[in-house]
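Peer 1: From the sequence below, what's the structure:
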Amino acid sequence: MNETINLLKNHRSIRKFKDEPLERETVKELVASAQSASTSSYVQAYTIMGVTDPQKKAALKEVSTQPYVENNGHLFVFLMDYYRHRMLSEKKGLPIQYDKTEQLVVGIVDATLAAQNLAIAAESMGLGICYIGSLRNDMARVIEILELPEGVVPLFGMVTGVPDHEGSRKERLPFDAVYQENTYMPFEAAEESIEAYDQRISEYYKARTDGERDDTWSDQVIPMLRKKQRLDVDAVIKKQGYLGQ
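Peer 2: The predicted model follows:
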């Protein structure tokens, strides 16, 4: 395998960082790497916000509840953003609509592709990263903290910095559970390999926690998916101008 593939396959989330803020040039390189990602029809429907203000980081940590949102080398927040497009269209006298599902999908995909480019670039520099989906615990509060105008929606954050622990790599689902060719196969075709995967994940947790934890992958995700989570997301997205209020 080449160096890039080895880097990708060695990914792990880092949640503890040394107290070393990223240099400005490093931030610029990471953002430039993010911008090099593919973008649907060249729309570039996202903004990357760096949060360095201690009070704002503390407030975002309260939303997330995760201490590493406040304690890191740099905090990025990825925003779906049609605000600049709307302002440009108004200046040109050619008003646009971005309230349909297609524009929502484009903005989310654009931002996510950019984020993953940034993550890979950071890891190639020896930095650690962790995605922060928990900023969606209270999207309205994040909008308030970051003073976001209509047309801008906070999707997720990413902390990065010099790692202060090694982290551990969690095995992903087996190949035959996630790859389908030509026809979608019934669940039973991959059921045995998923059961074996569940057992390996249980052993992973036992080893990582000295036996204090032994839940499987399915033990985690099924109860989580049964819960109704973040019910305000739909309302906040509509308030920001999406999905035809």
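Peer 1: use CA for all of it now, contacts and neighbours both
Peer 2: Fine.
Peer 1: where does the residue nearest to residue 141 when sequence neighbours are not counted fall, helix, sheet strand or coil?
Peer 2: Excluding the flanking residues, the one nearest residue 141 by C-alpha to C-alpha, 6 or more residues apart in numbering is residue 63, at 7.6 Å. Taking DSSP: H, G, I helix; E, B strand; the rest coil as the rule, one finds residue 63 in the helix state.
Peer 1: count of neighbours near residue 63?
Peer 2: Residue 63 has 18 neighbours, counted by other C-alpha atoms under 10 Å.
Peer 1: So it sits against residue 133, correct?
Peer 2: No: in terms of C-alpha atoms under 8 Å, residue 63 does not count as a neighbour of residue 133; the distance is 10.7 Å.
Peer 1: list residues touching both of the two?
Peer 2: With contacts taken as C-alpha atoms under 8 Å, 6 or more residues apart in numbering, not a single residue reaches both residue 63 and residue 133.
Peer 1: For the nearest residue to residue 233 once chain neighbours are set aside, give me the pLDDT.
Peer 2: Leaving aside its sequence neighbours, residue 233 sits nearest to residue 139 (C-alpha to C-alpha, 6+ apart; 6.8 Å). The per-residue pLDDT reported for residue 139 equals 98.
Peer 1: Residue ranges in the protein under the pLDDT threshold?
Peer 2: Across the chain, the ranges flagged by pLDDT under 70 are 245.
Peer 1: What segments of it are strands?
Peer 2: All strands of the chain, identified by DSSP state E, fall at 46-51, 74-81, 128-132, 152-161.
Peer 1: picking up where we left off before, do you know how far the residue nearest to residue 141 is from residue 191?
Peer 2: 37 Å (C-alpha to C-alpha, to the nearest Å).
Peer 1: how close does the closest residue to residue 69 other than its chain neighbours get to residue 195?
Peer 2: Distances taken as C-alpha to C-alpha, 6+ apart put residue 61 closest to residue 69, at 5.2 Å, once the chain neighbours are dropped. For residue 61, the distance to residue 195 equals 36 Å [C-alpha to C-alpha].
Peer 1: Specify which residue of these two has the higher count of neighbours.
Peer 2: Per other C-alpha under 10 Å, whichever of residue 61 and residue 195 has more neighbours is residue 61, with 18 against 14.
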